[in-house]
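Trainee: pasting a predicted model and its sequence here:
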Amino acid sequence: MLPSIRDLQLTQVAGARKSRPAIVAKAEADDLEDVRLLDSFESSNDSHGIIIEEEEEEEGMNRIQVRITGMTCAACSNSVESAIKSISGVLRASVALLQNKADVVFDPTLVKDDDIKNAIEDAGFEAEILAEPSTFKTKPSGTLLGQFTIGGMTCAACVNSVEGILRNLPGVKRAVVALATSLGEVEYDPTVISKDDIVKAIEDAGFEAALVQSNHQDKIILGVAGIFSEMDVQLLEGVLSTLKGVRQFRYSRISNELEVHFDPEVVGSRSLVDGIEGGSGMKFKLHVMNPYARMASKDVEETSTMFRLFISSLFLSIPIFFMRVICPHIPLLYSLLLWRCGPFLMGDWLKWALVSVVQFVIGKRFYTAAGRALKNGSTNMDVLVALGTSASYFYSVCALLYGAATGFWSPTYFETSSMLITFVLLGKYLECLAKGKTSDAIKKLVELAPATALLVVKDKGGRCIEEREIDALLIQPGDGLKVLPGTKVPADGVVVWGSSYVNESMVTGESAPVLKEANSLVIGGTINLHGVLQIQATKVGSDAVLSQIISLVETAQMSKAPIQKFADFVLIFVSLPLQVASIFIPTVVVMSLLTFLGWYIGGTIGAYPDDWLPENGNYFVFALMFSISVVVIACPCALGLATPTAVMVATGVGANNGVLIKGGDALERAQKIKYVIFDKTGTLTQGKATVTNAKVFTGMNRGEFLRWVASAEASSEHPLAKAIVEYARHFHFFDEPSATKDGQNNHNESIISGWLLDVSVFTALPGRGVKCFIDGKQVLVGNRKLMTENEITIPTHVENFVVELEESAKTGILVAFDDSLIGVLGVADPLKREATVVIEGLQKMGVKPVMVTGDNWRTARAVAREVGIQDVRAEVLPAGKAEVIDLFQKDGSVVAMVGDGINDSPALAAADVGMAIGAGTDIAIEAADYVLMRNNLEDVITAIDLSRKTLSRIRWNYIFAMAYNVIAIPVAAGVFFPSLGIQLPPWAAGACMALSSVSVVCSSLLLRRYKRPRLTTILEITVE
């Protein structure tokens, strides 16, 4: 089930969060589901947001807003902001280009309003002080999250530029932009700045922007069918005007999309759609616009635009290349080109005209982007392309004009400019295609969600009165839905009636169909195979499992792995506005100038023979071609794409294999894992404990004994407690255990509640057992610690019986009434079938497995011996598991924790890499870095192996990107020309530059061929 605008939750985001989720009580568990990308984002500059210390300092300060006239771009706003901040006494200043306003906080004892106005005017702009309250008031701490799609970004320089612009907006706390997905997530204060203001700021900086989704709940975008005339539009407006709860609306005739802002407390999204369709007499048909589908269509549009530009440039460049290379060998055509028409030859006129179209019409985007970057005080790849093509074009024009004036005709290089632009556009087009492939995982996940659902409408008596098809994005919690055989389950829910097998492989990775009966849980997007099911929707929108998976994958793809800091270090100087000490591109330009001077001066002083010069060429032209090649061959884009594309593909591949990765940092840490710490119950074992022994050491009847023990354990959530209750129930009623693992049916629950005794003062004691009172007697059920703490003596024969159980890998549970030990229960939890080979496989991979459990030492050692683990830590309380992890981390080792229960959450959060079994609790999953959806220990090996292969691929990407620039620039500069005769023409240099970033993306795409490791290969087992 995909998130609709209606279902996105309004979330209060704290000003500062720890890098790992805090462990909270059960009542707060749902809050953990709101942790998003920005929770783990560490801002490198605290000035990007107002932190608590700043707010305290700002008390008593003055705040004014200034209207500014004359700003045209982000560079202007940066100039104004720098001018204001340079005033002594100004605490903080933010300039909003889209609003033409500046927000300034200053010390009134040091600065006057007129000082700020004069500083702005001195910078070349007009300023007007707006009427605002003079006393500074702290804004509410609550912030919202918005996800925006950003078009037009070409390299990491653009990413850093957009991030800088967003962070400088008033009210924006933090912002993260991802080049690979063209997405940005912004945390902002809605009382200061709106989503539309953020979109305008991005667009004003020269990029395209649109809101994808946010945690607002008051807007929905609908596609409208059935509007053909102006009368239809007026009818639609009339219907909307009469609907209660509708605040405002906007209809686009171009896209046939209706944007409605409404009060969700007054009208729901489905009621809104029904009201519009009903009010129009069913003339209009509405459907909810899927935000992911809209985003995908924009990606396709961008790819199509780049393809059109490339084809147009190629179409105009082929005649130029033809005239340069082919026509001299065809006398008739060549004679026509040599026909003089005015001051120039016909061939020169044609080349000039065709190249001018390529240079200034098709290549306009490069000039626009380069101009925007230079105005902002930054540089990017567009600057190099514009510089190189302009040098070639304007030299050729000057050569023609000089020849017409003096009669000395130098060769022109118009084809260099056109071919260079053509190859760059080809590279951009291929890059768009390749980057689109990296997001295939999300596209496949989105396609899992059904478009429609069959809603069962009931009357007040609960009788079905109607079945109607609705948009799946309009499903609400509590809706009754009918799922026919062969169709997809439309939402997460619980089965009300019916029985069928459901294929959950697309979500959990489990290949075998799962039986679903009454009270079984179902997941939206899975396929109902045989029978008819009626379900009640429980989780929809962003709360649904599929949406959580999509969100998790998106967040992971947007996060930056620590290894990317290497590229950021190189590229940061390329992209920071108003940065004087830039490195990469200015260095390339300097190298280009040195190349030109070296070859030109070397020629004039006779350092190389004249026969090296091209036909009719001179030293200037010879040196200029080398110089242009140096400019256009340098490519920082490959560095910027090396990490995010690999992380994006890896997270998608992991999702397809049932391993959800929460970020690039977790992916990088996992490849360094030295220790993997396993919880025992539910992790190494199946978590399906069964009672194997029940011995009473007094004259009490066994049935009565089990009734008392089951009554005490019925209130516990521990797997062993559930096993005891199940065993006692079966002993009394001889019924079979429930066929499904999702829960007991209502009949069984009524039986249990009828035969169990009343319990009072129930207390669960972690790591020890339970204590309660039944009929005034104190009942203790637990281990030796519980008995010792309550001064219960354990007789020798009872101790011997317990030891015998423990040595056979069973857990002995002691039962005492008042001050007497009554009996012992033996509980066994069988190992998972793959546990032994996974442990051996980890050891073969150089990873040391460790088992940590709250169980006693004998049982723990017996289980460890059976599974092959040497290092065991037993009788460890839940809080002690984190201490064990800390012990292993002291020597700098990277430690992973694999667990599934609430009691594992502190350890999962404390570990360098937390891996939660997907069938475990929500809190455990939130605290972990990896989620193993299949509940299969083999995925631990998959997670580590995928991490290692991904980091290896990233390193190769960096090696290639760096080697490319290290090798390509000297080749383009002609270093090898004297000895080997290797000369790279500018158009060939442009082709190399364009294909370098494409090759890095394609290198990352090789991860799509990843196959989960075979245990037979790891264990070096030969299968005959």
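Mentor: Thanks, I have it.

Trainee: quick check: which ranges of the stretch 551-700 of the chain have low pLDDT?
Mentor: 551-585, 615-617, 635-641 (pLDDT under 70).

Trainee: strands along that one, start to end?
Mentor: Assigned by DSSP state E, counting those that start in this stretch, the stretch 551-700 of the chain shows strands spanning 659-661, 673-679, 690-696.

Trainee: the stretch 201-350 of the chain now?
Mentor: According to DSSP E, counting those that start in this stretch, the strands that the stretch 201-350 of the chain contains are 208-214, 219-225, 246-252, 257-262, 285-288, 340-341, 344-345.

Trainee: among the ones you listed, which is nearest T303?
Mentor: For those, the distance to T303 is smallest for strand 208-214, at 13.9 Å, taking CB to CB. Glycine gets a C-beta too; all of them are placed from N, C-alpha and C.

Trainee: keeping just the C-alphas, turn the closest one into CSV.
Mentor: Presented in CSV, the C-alpha positions along strand 208-214 are these (Å, rounded to 0.1, in the frame of the first residue of the first chain):
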residue,chain,number,x,y,z
GLU,A,208,13.0,22.3,-11.5
ALA,A,209,11.3,21.3,-8.3
ALA,A,210,8.0,19.8,-7.1
LEU,A,211,6.8,18.4,-3.9
VAL,A,212,6.5,14.6,-3.9
GLN,A,213,5.1,14.1,-0.4
SER,A,214,5.3,15.4,3.1
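
Trainee: parallel or antiparallel, which strands does it pair with?
Mentor: strand 144-151 (antiparallel) (DSSP bridges).

Trainee: could you identify the helix or strand that succeeds the strand it pairs with?
Mentor: Next along the chain after strand 144-151, taking DSSP states H and E as the criterion, comes helix 156-167.

Trainee: put the alpha carbons of that next one into PDB.
Mentor: Taking C-alpha atoms only, helix 156-167 is exported to PDB below (Å, rounded to 0.1, in the frame of the first residue of the first chain):
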ATOM      1  CA  ALA A 156      27.700  16.800  -7.300                       C
ATOM      2  CA  ALA A 157      28.400  20.500  -7.700                       C
ATOM      3  CA  CYS A 158      24.700  21.100  -8.400                       C
ATOM      4  CA  VAL A 159      23.800  18.900  -5.400                       C
ATOM      5  CA  ASN A 160      26.000  20.900  -3.000                       C
ATOM      6  CA  SER A 161      24.700  24.200  -4.500                       C
ATOM      7  CA  VAL A 162      21.000  23.200  -4.000                       C
ATOM      8  CA  GLU A 163      21.800  22.000  -0.500                       C
ATOM      9  CA  GLY A 164      23.500  25.300   0.300                       C
ATOM     10  CA  ILE A 165      20.500  27.300  -1.000                       C
ATOM     11  CA  LEU A 166      18.000  25.300   0.900                       C
ATOM     12  CA  ARG A 167      19.900  25.500   4.200                       C
END
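
Trainee: so how far is whichever helix or strand comes after that helix from its chain's centroid?
Mentor: For helix 156-167, the following helix or strand on the C-terminal side (DSSP H and E) is strand 172-178. Between the centre of strand 172-178 and the centre of its chain there are 13 Å (CA atoms, centre = their mean, to the nearest Å).

Trainee: related to what we said a few turns ago, pick the most buried one from the strands of the stretch 551-700 of the chain.
Mentor: Stretch with highest mean neighbour count among these: strand 659-661 (a mean of 26; mean count of other CB atoms under 10 Å).

Trainee: and stretch 453-460, what's buried?
Mentor: When burial is assessed from 16 or more other CB atoms under 10 Å, stretch 453-460 yields the following buried residues: 453-456.

Trainee: in a markdown table: these, plus distance to A646.
Mentor: Formatted as a markdown table, the buried residues of stretch 453-460 follow (distance: CB to CB, whole Å):
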| residue | distance to A646 |
| --- | --- |
| A453 | 37 |
| L454 | 42 |
| L455 | 43 |
| V456 | 46 |
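
Trainee: of all those, which comes closest to V540?
Mentor: Nearest member of these to V540, counting by CB to CB, is A453, at 10.2 Å.

Trainee: residues touching the closest residue to T811 other than its chain neighbours, list them.
Mentor: Counting by CB to CB, 6 or more residues apart in numbering, the nearest residue to T811 once its immediate chain neighbours are dropped is V827, at 4.7 Å. Residues near V827 by CB atoms under 8 Å, 6 or more residues apart in numbering: 689-692, 720, 723-724, 810-811, 813.

Trainee: coming back round to it: same list, the strands of the stretch 551-700 of the chain, but as JSON lines with distance to C398 please.
Mentor: Listed next are the strands of the stretch 551-700 of the chain as JSON lines, based on distance: least, CB to CB, whole Å:
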{"stretch": "strand 659-661", "distance to C398": "56"}
{"stretch": "strand 673-679", "distance to C398": "62"}
{"stretch": "strand 690-696", "distance to C398": "90"}
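
Trainee: any idea which of the ones you listed gets closest to N965?
Mentor: strand 659-661 (30.2 Å).

Trainee: mind giving me the packing neighbours of that closest one?
Mentor: Under the contact definition 3 or more CB pairs under 8 Å, 6 or more residues apart in numbering; DSSP states H and E, strand 659-661 sits against helix 545-558, helix 637-656, strand 930-932, helix 938-972.

Trainee: can you give me the helices in the stretch 701-850 of the chain?
Mentor: Using DSSP state H, counting those that start in this stretch, the helices found in the stretch 701-850 of the chain span residues 702-713, 719-733, 746-755, 784-789, 796-807, 835-844.

Trainee: which one of these has the lowest average pLDDT?
Mentor: Least confident of the helices of the stretch 701-850 of the chain, judged by mean pLDDT, is helix 746-755 with a mean of 49.

Trainee: picking that back up, do you know which of the strands of the stretch 551-700 of the chain lies nearest R340?
Mentor: Among the strands of the stretch 551-700 of the chain, strand 659-661 comes nearest to R340, with 67.8 Å by CB to CB.
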